[in-house]
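K.L.:
Fold the following.
(4 chains)
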There are 2 protein chains.
Amino acid sequence: MRKEKNLGEFEIIVLAALIRLGTDAYGVSIRQEIETRTGRSVSVGALYSTLSRLEEKNYVASRMGAATAERGGRAKRHYLIKAEGEAQLEKSVFMLGKMLKGIKAWPETLKNLACL
Amino acid sequence: MRKEKNLGEFEIIVLAALIRLGTDAYGVSIRQEIETRTGRSVSVGALYSTLSRLEEKNYVASRMGAATAERGGRAKRHYLIKAEGEAQLEKSVFMLGKMLKGIKAWPETLKNLACL
DNA sequence: CTATATCCTCTACAATGTAGAATAAATAAG
DNA sequence: CTTATTTATTCTACATTGTAGAGGATATAG
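P.N.:
Now for the predicted structure:
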């Protein structure tokens, strides 16, 4: 069994996006979700290689879907976070929360972490 | 001017520790702060190389202090987060917050795994 | 001086982050 | 049907971060 390692920053973001998107998660939508929500640009390669690594770690599952009847509507690969992935994400977020909790200076920013 | 890059997960943790410790921050106390607060073990090398990289990026400043009159009380290197570091940390935490905000069901397992 | 404690530096390598070209597969146009 | 265009994923290559631990420096105690 692979030793449990801490998630990287981008891995956290990707896993969070998977939770947000639920069954609608595939390459393009995930990328879109992250970009619009964080304002940060994400290259295709960055996203897919991270997804692939998360899958190797058994944090994420994927399956090929069917093509759709739109122009360029080739088959998508759908991604879903697994229980192990959620658990690990929770652990990482918990750690960050422990470190960040109580640091004043950020009025709005920390409010977003109130879910911890 | 170095391009602004996103902070890594551990970098976030270290910067947060620096804020928490204020003027008491030096190698051992920083390590202690992170370990007790997160329950995660931190190797000496991991910490110092991260601090050193944060300093190169102008996010942190350090200076050598004086020795103290305790057994083994050799001089400590004191670290202090800089304004640039705080700004960058806030940016990273803001992004994470945006992605994590509103995710409720942490402990819950996704039941949709069957559809894979 | 030798022992022991505290603390930092250095080296080496593993894992994660990132970009963009290449490729694949679908419909639309002519 | 052949080419253009659109949507999507795969692949390759390299940069940055993460991590461990040996080793060296410097302090007091005895």
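K.L.:
what are the ranges of the helices in chain A?
P.N.:
A:9-21, A:27-38, A:44-56, A:83-100, A:107-111 (DSSP state H).
K.L.:
now those helices in CSV, with mean neighbour count?
P.N.:
Bear in mind the C-beta positions are built from the backbone N, C-alpha and C, glycine included. Below are the helices of chain A laid out as CSV (neighbours: other CB atoms under 10 Å in any protein chain shown):
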stretch, mean neighbour count
helix A:9-21, 23
helix A:27-38, 17
helix A:44-56, 15
helix A:83-100, 19
helix A:107-111, 13
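K.L.:
I'd like these written out as TSV, with mean pLDDT and distance to residue B:66 added.
P.N.:
Shown next, in TSV, are these (pLDDT from 0 to 100; distance: least, CB to CB, whole Å):
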stretch	mean pLDDT	distance to residue B:66
helix A:9-21	98	36
helix A:27-38	98	44
helix A:44-56	98	46
helix A:83-100	93	29
helix A:107-111	52	36
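K.L.:
and the closest residue to residue A:40 other than its chain neighbours, how far is that from residue A:13?
P.N.:
Of all residues not flanking residue A:40 in the chain, residue B:95 sits nearest, at 6.3 Å (CB to CB, 6 or more residues apart in numbering or on different chains). Look at residue B:95 and residue A:13: by CB to CB, to the nearest Å, they are 7 Å apart.
K.L.:
Overlap in contacts, the two.
P.N.:
Shared contacts of residue B:95 and residue A:13 (CB atoms under 8 Å, 6 or more residues apart in numbering or on different chains): residue A:38.
K.L.:
just to revisit the earlier point, distance to residue B:9 added to the helices of chain A, as a markdown table?
P.N.:
A markdown table is the format used below for these (distance: least, CB to CB, whole Å):
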| stretch | distance to residue B:9 |
| --- | --- |
| helix A:9-21 | 5 |
| helix A:27-38 | 15 |
| helix A:44-56 | 13 |
| helix A:83-100 | 7 |
| helix A:107-111 | 17 |
